[in-house]
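Engineer: task: produce atomic coordinates for the following.
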Amino acid sequence: MKRSNKLYISFLFISMIGFVACKKLEIENVLAGITPVSINFIRADSTIVKPGDCVNPYEKYMVAIEIKVNEPVSGMPKSVGYTINDSAYKVDFLTSGKKYFPIVLKSGLNKIQLNATELKDSIRVVYQEFELVN
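Structural biologist: Model (predicted):
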C-alpha cells in the first residue's frame, strides 16, 4: 500500500510537470477589442499637417487618434497607448471615434505612434527668425 501511494504521487507529479510545460502561454493582446484607424498631427482647425507644410510657431497643433471599438461594453473603457516624442501616454475610449490632444511642436523631429501598431506620423519642424523689410 505504501509503495502504491509513492507511485501514485510520482505519477501525479510527473503529470503536473508535463501539463504545465505543454500549456501554451497566453500573450495578452494589447489591442483586444480595438481596431486602430489613424494617428496624425493636426492643426487646431482639424486639418492634417502634411510634409512640406509651413508650421507657424504661434498656431496651435494637436494629435488626433482615431480607433474603432469592435465590441463596446457599456461603461468599460478600452485603453490605447501612444507615444509622443518618446514619451508614453494612455487614452481610454468608450466608443469608436477620435480624440484630440494639444501638443507643442519642438524644433527638430516630432514623432507620434500608436503602441503595438505600425501607425505613426512624424514631421520635421524648423523654426527660423525672420525680419520684415520695408
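Engineer: please enumerate the strands of this protein.
Structural biologist: 34-43, 61-69, 78-84, 87-93, 97-103, 108-114, 120-125 (DSSP state E).
Engineer: if I look at residue 110, how far off is residue 125?
Structural biologist: Distance, residue 110 to residue 125, using Cβ to Cβ, to the nearest Å: 6 Å. Any C-beta I mention is one placed from the backbone N, CA and C, and that applies to glycine too.
Engineer: which one of these two has more residues nearby?
Structural biologist: Shown here are residue 110 and residue 125; by other Cβ atoms under 10 Å, residue 110 has more neighbours (21 against 15).
Engineer: now do the contacts for the closest residue to the more buried one other than its chain neighbours.
Structural biologist: Among residues not flanking residue 110 along the chain, residue 123 sits closest, at 5.4 Å (Cβ to Cβ, 6 or more residues apart in numbering). Shown in contact with residue 123 (Cβ atoms under 8 Å, 6 or more residues apart in numbering): 41, 49, 51, 55, 105, 109, 110.
Engineer: kindly recompute the last result at 6 Å.
Structural biologist: By Cβ atoms under 6 Å, 6 or more residues apart in numbering, the contact set of residue 123 is 41, 49, 110.
Engineer: and those, which is closest to residue 83?
Structural biologist: residue 110 (11.3 Å; Cβ to Cβ).
Engineer: may I have the phi/psi pair for residue 53?
Structural biologist: Main-chain dihedrals, residue 53, degrees, to the nearest 10: phi -70, psi 150.
Engineer: now do the contacts for it.
Structural biologist: By Cβ under 6 Å, 6+ apart, residue 53 has no neighbours at all.
Engineer: so it versus residue 84, what's the distance?
Structural biologist: Counting by Cβ to Cβ, the gap from residue 53 to residue 84 is 19 Å.
Engineer: quick revisit: per-residue pLDDT, the residue nearest to residue 110?
Structural biologist: Looking at residue 123, its pLDDT is 89.
Engineer: ok, residue 32 next?
Structural biologist: For residue 32, the predicted pLDDT is 73.
Engineer: ok, now the one 4 residues further on?
Structural biologist: According to the model's per-residue confidence, residue 36 sits at a pLDDT of 91.
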